[in-house]
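> starting from these lines, generate the structure:
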Amino acid sequence: FKRTMAAFGVDLGPLTEAEQARVEFCQEIINYARSLGMEIINPGYTGSVPTAFRDAHPNAHYVEVRWLDFPPSYILYPDDPLFKEVGIRFIHEYNALFGTSHLYVAEPYGETRPGATEEEQNAIKTGFARVMGEMIAEADPEGTWLCSTWTFRDKEFWPKETVRAYMQAVPNDRFLVGDLWCEERPLYQELEYFWGRRWGFGVLHSFGGNTNLHGDIPALIRRVQEVATDPRASRCEAFEIMPEVVHWNHLYYDLCTRLAWDPKAVELDQFLRDYARRRYGQEYADSMYPCLRALADSVYSWQDLIPPLYQVRPRTDWALRGLPERLRILPGMRQALDAALACADALGDSPLYRRDLVDIAKEYLALIYGQHFLWLLEAEAAGDAERLQKESHVLLALLDDVERILASDPACH
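Numbers count the residues shown, from 1 in each chain. Predicted coordinates:
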């Protein structure tokens, strides 16, 4: 980005040692991925510029964007010539450093509403689509633009006809839209299968902070298989795994990869038995299968996004609204934990087993913590000081237990 800015008269200084190290580290990762036959998705350019750029180009057309209650920032208006010029230069500079698989991701104004009037807002949105398509085509004649549906969930700002105009502003063969959060709240039917555009089934599953076990795997299988057998979904050409949190819920994402490969061949029980064999070895697959089955029938049988209450600022609204229903999986989690612990002597040296045991135990303790938190609220409402004190001590002891469990596995450090 500094090289791009320098080409437009904006000096952001030389690369620092830390920045150069990040570049080299990214190059190592990308080269390794390519050595395995993987393609890499490069970032596109969405108009962001530093204050120094606005100082150097005061006559350019900028639009204010504001995310939540953070201070506003300014980006180039799509129809300003500098938008495309900077974007093309950025793609060239990025490709020179990291190479390209001719895939570029760029999201239009996520969770913001740029533009002062409805007319200006519509011009910005359709202008972004048209110029982004032109920019990528000029920078890389083989390039394809990847864009998710996340921003379209703001249906007041993105009514259906506006989304349609946006998508039709880009040549179909250069555009791939990912229906993000399709496993939970798909948009492809509501948006007319994206009017013939190429698209992908996008799994979101985890927002920031959702490191606890969660996810409705029967529903995931059902939804993917519905798309695979839907004649109107013939242009679904991709399966995208796009969580905000990684390195957690290994079983869920392993299932995603199987569904991406051959959705019609996936059956839950068969998958669990195969996963047990691959995860723990043939010798212990039958012993660990009951654990996986109990998880599938409890924590992985429905979807909620309430994290453990000890992980966030305690909120009575979350506790009272979500915990009573979540606590119904407590017996199943106990079964999963007991089944896993029964294999401790045989599998204790396996890092995969240890990691799973820690995750299961942490989830079980989170449920116990939630139960005692509800009892603490009951004691407070009843004015029972003795019980309130007792539940407070239990909650603190559970926090110590969670800390000891996490400290037992280097993967959680």
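
> need the longest helix for this structure.
If you go by DSSP state H, the chain has its longest helix at helix 351-382.

> now do that one: which elements does it pack against?
Applying 3 or more C-beta pairs under 8 Å, 6 or more residues apart in numbering; DSSP states H and E, one finds that helix 351-382 contacts helix 268-280, helix 282-297, helix 316-326, helix 330-341, helix 385-407. For the C-beta atoms, the positions are set from N, CA and C on the backbone; glycine is no exception.

> what residues of the fourth one count as buried?
Spelled out, it's helix 330-341. 330, 332-337, 339-340 (16 or more other C-beta atoms under 10 Å).

> restrict that helix to CA atoms and write it as CSV.
These are the backbone C-alpha positions of helix 330-341, laid out as CSV (Å, rounded to 0.1, in the frame of the first residue of the first chain):
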residue,chain,number,x,y,z
LEU,A,330,-25.8,-30.4,29.6
PRO,A,331,-26.5,-34.2,29.9
GLY,A,332,-25.2,-34.8,26.3
MET,A,333,-22.1,-32.9,27.0
ARG,A,334,-21.5,-34.9,30.2
GLN,A,335,-21.9,-38.1,28.1
ALA,A,336,-19.3,-36.8,25.6
LEU,A,337,-16.9,-35.8,28.4
ASP,A,338,-17.2,-39.2,30.1
ALA,A,339,-16.7,-41.1,26.8
ALA,A,340,-13.6,-39.0,26.0
LEU,A,341,-12.1,-39.5,29.5
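
> need the residues that contact that helix.
Helix 330-341 is contacted by residues 287-288, 290-292, 294-295, 297-299, 301, 353, 356-357, 360-361, 363-364, 367-368, 371 when judged by C-beta atoms under 8 Å, 6 or more residues apart in numbering.

> do a quick rundown of the strands in the chain.
All strands of the chain, identified by DSSP state E, fall at 42-43, 62-65, 73-76, 103-105, 144-148, 175-180, 198-203, 236-241.

> and of these, who's closest to residue 112?
Of all the strands of the chain, strand 62-65 sits nearest to residue 112, with 4.5 Å by C-beta to C-beta.

> buried set for that closest one?
So for strand 62-65, counting by 16+ other C-beta under 10 Å, buried means 62-63, 65.

> state the pLDDT value of residue 303.
On the pLDDT scale, residue 303 is placed at 87.

> what's near enough to touch it?
With C-beta under 8 Å, 6+ apart, residue 303 has these contacts: 184, 214-216, 219.

> do you know how far it is from residue 326?
11 Å (C-beta to C-beta, to the nearest Å).

> spatially central residue for this structure, please.
The centroid of the chain falls nearest to residue 243 when counting by C-alpha atoms, centre = their mean (1.8 Å).

> if I look at it, how far off is residue 256?
In terms of C-beta to C-beta, residue 243 sits 10 Å off from residue 256.

> now do residue 19
Residue 19 is 33 Å from residue 256, by C-beta to C-beta.

> pLDDT at the closest residue to residue 186 other than its chain neighbours, what is it?
Sequence neighbours aside, residue 179 is the residue nearest to residue 186 in space, at 5.7 Å (criterion: C-beta to C-beta, 6 or more residues apart in numbering). Note for residue 179: predicted pLDDT of 98.

> between residue 19 and residue 256, who's got more neighbours?
The residue with more neighbours, out of residue 19 and residue 256, is residue 256; 23 against 13, by other C-beta atoms under 10 Å.
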